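Visitor: Predicted model and sequence follow; I will ask about them next.
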Amino acid sequence: MTVEIRHYTAGGLPEIRQTILDIHAEVRHKDFGLTGPFYSVERFNERLSTYASRPGWTAAVAHEDRDPVGFCFGVPLGPDTRWWKPMITPLPEEMTKEDGKRTVALNEIVVRRPWRGRGVAWQLHETWLAQRQEERVTLLVNPAAGDGAVQAVYEAWGYRKIGDQQPFPDSPIFASLVRPVKRS
């Protein structure tokens, strides 16, 4: 299935913010039953604003006809990034030294239930990455999501686990994964 994917920079966030928040609530709360302060729409909106305030933030939103079906967004890791700080086992410095051009973090990728299993997440992911100039992409995944199936999907996309981290005191422990932006 092919969907229409539109790209946005931080300047376009007001146009897509409510769509992103609505999809987040539908998928995280209704579909996956994720509750608690960390998963609240308010906290997610705060994180969205924080990510979008950083240089280089971009998003991609997929539509089929007029229906929004999913989104992804991320931001490059700058020299002052805290991304690698919450690693449970610290990584070597050569893995974590950032300059704003080396690594882009895929902060979120979410697809609504009726469009899951149809290749939409892959299309979003690859279309978003095609616009990126960084060397590598990193993301966090809850290893319990889908009884490990979500992490397995990322690994099938070429990601490899490099460790675990807990970025917020009330967040789950996430697997930290990385892969080249351009696959050979």
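Guide: Ah, there it is. Residues are numbered from 1 along each chain as shown.
Visitor: Just list the residues touching the nearest residue to residue 53 once chain neighbours are set aside, thanks.
Guide: Leaving aside its chain neighbours, residue 53 sits nearest to residue 10 (7.1 Å; criterion: C-beta to C-beta, 6 or more residues apart in numbering). (C-beta placed from N, C-alpha, C; glycine too.) Residue 10 makes contact with 52-53, 57, according to C-beta atoms under 8 Å, 6 or more residues apart in numbering.
Visitor: Is there a quick PyMOL command that grabs whichever of those residues are buried?
Guide: Per 16 or more other C-beta atoms under 10 Å, the buried members of these correspond to this PyMOL selection:
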select buried, resi 52+57
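Visitor: what about the residue lying closest to residue 138 once chain neighbours are set aside, which helix or strand?
Guide: Nearest non-adjacent residue to residue 138, counting by C-beta to C-beta, 6+ apart: residue 178, 4.6 Å away. Assigned by DSSP states H and E, residue 178 falls within strand 174-180.
Visitor: so what does that strand touch, helix or strand wise?
Guide: strand 136-141, helix 149-156, strand 160-165 (3 or more C-beta pairs under 8 Å, 6 or more residues apart in numbering; DSSP states H and E).
Visitor: and these, which is most packed in?
Guide: strand 136-141 (a mean of 20; mean count of other C-beta atoms under 10 Å).
Visitor: what's next to that strand, contact-wise?
Guide: Contacts for strand 136-141 (C-beta under 8 Å, 6+ apart): 74, 77, 83, 102-107, 109, 129, 150-151, 154, 159, 165, 167, 174-181.
Visitor: Please apply the same query to stretch 12-25.
Guide: With contacts defined as C-beta under 8 Å, 6+ apart, stretch 12-25 is touched by 8, 41, 44-45, 48, 52, 59, 61, 68, 70-71, 73, 108, 110, 112.
Visitor: is it true that residue 104 touches residue 74?
Guide: Yes - contact between residue 104 and residue 74 holds when scored by C-beta atoms under 8 Å: they sit 5.4 Å apart.
Visitor: Check which helix or strand the spatially most central residue of the chain maps to.
Guide: The centroid of the chain falls nearest to residue 108 when counting by C-alpha atoms, centre = their mean (2.4 Å). Element membership for residue 108 (DSSP H and E) is strand 103-111.
Visitor: any chance you could map the helices in this structure?
Guide: Applying DSSP state H to the chain gives helices spanning 13-24, 41-52, 93-96, 120-130, 149-156.
Visitor: Take the ones you listed and lay them out in CSV including mean pLDDT.
Guide: Formatted as CSV, the helices of the chain follow (pLDDT from 0 to 100):
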stretch, mean pLDDT
helix 13-24, 97
helix 41-52, 95
helix 93-96, 96
helix 120-130, 97
helix 149-156, 94
